[in-house]
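Asks: I need the structure of the sequence given here:
(2 chains)
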Amino acid sequence: DGGITQSPKYLFRKEGQNVTLSCEQNLNHDAMYWYRQDPGQGLRLIYYSQIVNDFQKGDIAEGYSVSREKKESFPLTVTSAQKNPTAFYLCASSPFPGLGTGELFFGEGSRLTVL
Amino acid sequence: SQQGEEDPQALSIQEGENATMNCSYKTSINNLQWYRQNSGRGLVHLILIRSNEREKHSGRLRVTLDTSKKSSSLLITASRAADTASYFCATDADDMRFGAGTRLTVKP
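Replies: Alright, predicted model coming up:
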């Protein structure tokens, strides 16, 4: 079945460690997004990519890094520079490269907890 | 640069009742989208309404758009316990930033 797969679903990290969250899609979508969601709050845009080998910062990119070497993959690294990384992370994709031009397809999320 | 704001923040109703939630935005848009999120899950797209449309239906969902008031509403008719979720709006004008959503609880 086509869709977006995020892994791991749950992740625990010690302070000072980098972690990488995986996001893979087999929908052949051009655009991919990473959002952060904190309890009871909306989604904040971290990074987005409209095409392979290109990505842009969102509203809260500090402490995060991404790569887009393949169309189907958009991994997010949460670095030790991110001071409050405990959150629910959501990856999404869209068939259209322009922001907001089409429906977003979301993965099931990865919950990161810093111990 | 968040733009879409949902109202109310929380809504609790009995099964069978209708649920209405609202979204306001600040600048001109080409389209507005509604999404649903079950607790601990990803968002699921419900409906997209374009700026030249005033109303759109999908099953028990009815979405209206009033561009003069820069607002949209989502109506869920004959609600079910399974409709319990958070509902979010987003517009193309704010590059798909999402507000805090409306938390809907449908009591059986």
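Asks: Tell me the residues of chain A that contact chain B?
Replies: Selection of chain A residues close to chain B by Cβ under 8 Å from any Cβ of the partner chain yields A:4, A:6, A:33, A:35, A:40-45, A:59, A:88, A:90, A:92, A:98-109, A:111. C-betas here are computed from N, CA, C, even on glycine.
Asks: any idea how far the closest residue to A:Phe74 other than its chain neighbours lies from B:Thr27?
Replies: When the adjacent residues along the chain are set aside, A:Phe74 lies closest to A:Met32, with 4.0 Å between them (Cβ to Cβ, 6 or more residues apart in numbering or on different chains). The spacing between A:Met32 and B:Thr27, counted by Cβ to Cβ, to the nearest Å, is 25 Å.
Asks: what number of residues lie near the closest residue to B:Arg54 other than its chain neighbours?
Replies: Using Cβ to Cβ, 6+ apart and skipping residues adjacent in sequence, the residue nearest B:Arg54 is B:Leu65, 6.0 Å away. As a burial measure, the neighbour count of B:Leu65 was computed by other Cβ atoms under 10 Å in any protein chain shown and equals 21.
Asks: Which helix or strand contains B:Leu65?
Replies: Using DSSP states H and E, B:Leu65 sits within strand B:61-66.
Asks: What of A:Ser49?
Replies: Element membership of A:Ser49 [criterion: DSSP H and E] is strand A:43-51.
Asks: Which residue does chain B have closest to chain A?
Replies: B:Asp92 (2.8 Å; Cβ to the nearest Cβ).
Asks: Tell me, what's the model's pLDDT at that residue?
Replies: You'll see B:Asp92 listed with a pLDDT of 82.
Asks: before we move on, the earlier item: who's the residue nearest to A:Phe74 bridged to?
Replies: According to DSSP bridges, A:Ser49, A:Ser93 are recorded as the beta-bridge partners of A:Met32.
Asks: separation between the residue nearest the centre of chain A and chain B?
Replies: Taking Cα atoms, centre = their mean, the centroid of chain A lies closest to A:Trp34, which sits 2.8 Å from it. Computed with Cβ to the nearest Cβ, to the nearest Å, the distance linking A:Trp34 and chain B is 12 Å.
Asks: what's the closest non-adjacent residue to that residue?
Replies: Taking Cβ to Cβ, 6+ apart, and ignoring the residues beside it in sequence, A:Trp34 has A:Ile46 as its nearest neighbour in space, at 4.3 Å.
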